[in-house]
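Colleague: Next input, structure requested:
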Amino acid sequence: MNRIRISAALGLILLTACLSTPSEPGAEGDVTSVILVRHAEKETTPGDPPLSERGRKRAIELARVLADAGVDVLSATQFGRTQQTLEPLSEQLGLEIEIATVDLDDTGGYARGLAAAILEEHRGRTILLAGHSNTVPLLLEAFGIADPPSLSDDDYDDLFLIHIVPAEQPWMIHLHYGEPSP
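Modeller: Predicted coordinates for the structure are as follows:
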């Protein structure tokens, strides 16, 4: 339990130190911060399974960790588990969750299109994205991160912070939150 608290505290300190809140979002030179997570643990039912009890606890922990991180925009896929992962923070901050529909036959195109749209529409803001084990690495790459880590079907505790400064190479911090994944 101490490891979880220490990891969460360190993550929050790093996030707070790295995130900036611009005075005029979208102004030239603004830093865009993208926080990217995989959806929390899900039930094993077929179709579009909801979050499991463990997943609901992780979603609440995500909201706690990011409560003061300056998140301006929430984005999830059309699948309920990504939206449920962001719901506690959505309710806490009073933000709507934007839905970015993933084309299962072209996840690479989805990632490139979403990254381009975010950088165009939300430049200078802090965006929290909830994706899937197969889309998170593609999104990291689409935001300019070379050699992004892959995620297994059991990875749920990863939190990636991408810092995008105009005319510079984006950089990433890889953190963990909540109970460690098995």
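
Colleague: Roughly how far does the residue positioned nearest the centre of the chain sit from residue 118?
Modeller: Centroid check for the chain by Cα atoms, centre = their mean gives residue 36 as the closest residue, at 2.2 Å. Counting by Cβ to Cβ, to the nearest Å, the gap from residue 36 to residue 118 is 11 Å. The way it works is simple: take the backbone N, C-alpha and C, and place the C-beta from them, glycine included.

Colleague: Give me the common contacts of those two.
Modeller: residue 129 (Cβ atoms under 8 Å, 6 or more residues apart in numbering).

Colleague: can you give me the strands for the protein?
Modeller: 32-38, 73-76, 97-99, 126-131, 158-164, 171-176 (DSSP state E).

Colleague: Now tabulate the ones you listed in CSV and tack on mean pLDDT.
Modeller: What follows is the strands of the chain, written out as CSV (pLDDT from 0 to 100):
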stretch, mean pLDDT
strand 32-38, 98
strand 73-76, 98
strand 97-99, 98
strand 126-131, 98
strand 158-164, 98
strand 171-176, 97
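
Colleague: Let me have the ones you listed in a markdown table, extended by distance to residue 62.
Modeller: A markdown table is the format used below for the strands of the chain (distance: least, Cβ to Cβ, whole Å):
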| stretch | distance to residue 62 |
| --- | --- |
| strand 32-38 | 7 |
| strand 73-76 | 11 |
| strand 97-99 | 13 |
| strand 126-131 | 8 |
| strand 158-164 | 8 |
| strand 171-176 | 11 |
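
Colleague: and residue 169, how many residues sit next to it?
Modeller: Using other Cβ atoms under 10 Å, residue 169 is surrounded by 9 other residues.

Colleague: the helices in this protein, which residues?
Modeller: Taking DSSP state H as the criterion, the chain contains helices spanning 2-18, 53-66, 80-93, 107-121, 136-142.

Colleague: what residue ranges in this structure score low on pLDDT?
Modeller: Low-confidence regions of the chain, defined here as pLDDT under 70, cover residues 1-29.

Colleague: related to what we said a few turns ago, the helices of the chain into JSON lines, with extra columns for mean neighbour count and distance to residue 40?
Modeller: Converted to JSON lines, these look like this (neighbours: other Cβ atoms under 10 Å; distance: least, Cβ to Cβ, whole Å):
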{"stretch": "helix 2-18", "mean neighbour count": "14", "distance to residue 40": "15"}
{"stretch": "helix 53-66", "mean neighbour count": "19", "distance to residue 40": "4"}
{"stretch": "helix 80-93", "mean neighbour count": "21", "distance to residue 40": "5"}
{"stretch": "helix 107-121", "mean neighbour count": "17", "distance to residue 40": "20"}
{"stretch": "helix 136-142", "mean neighbour count": "22", "distance to residue 40": "13"}
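
Colleague: okay if I get the ones you listed as CSV plus distance to residue 41?
Modeller: What follows is these, written out as CSV (distance: least, Cβ to Cβ, whole Å):
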stretch, distance to residue 41
helix 2-18, 15
helix 53-66, 4
helix 80-93, 9
helix 107-121, 21
helix 136-142, 15
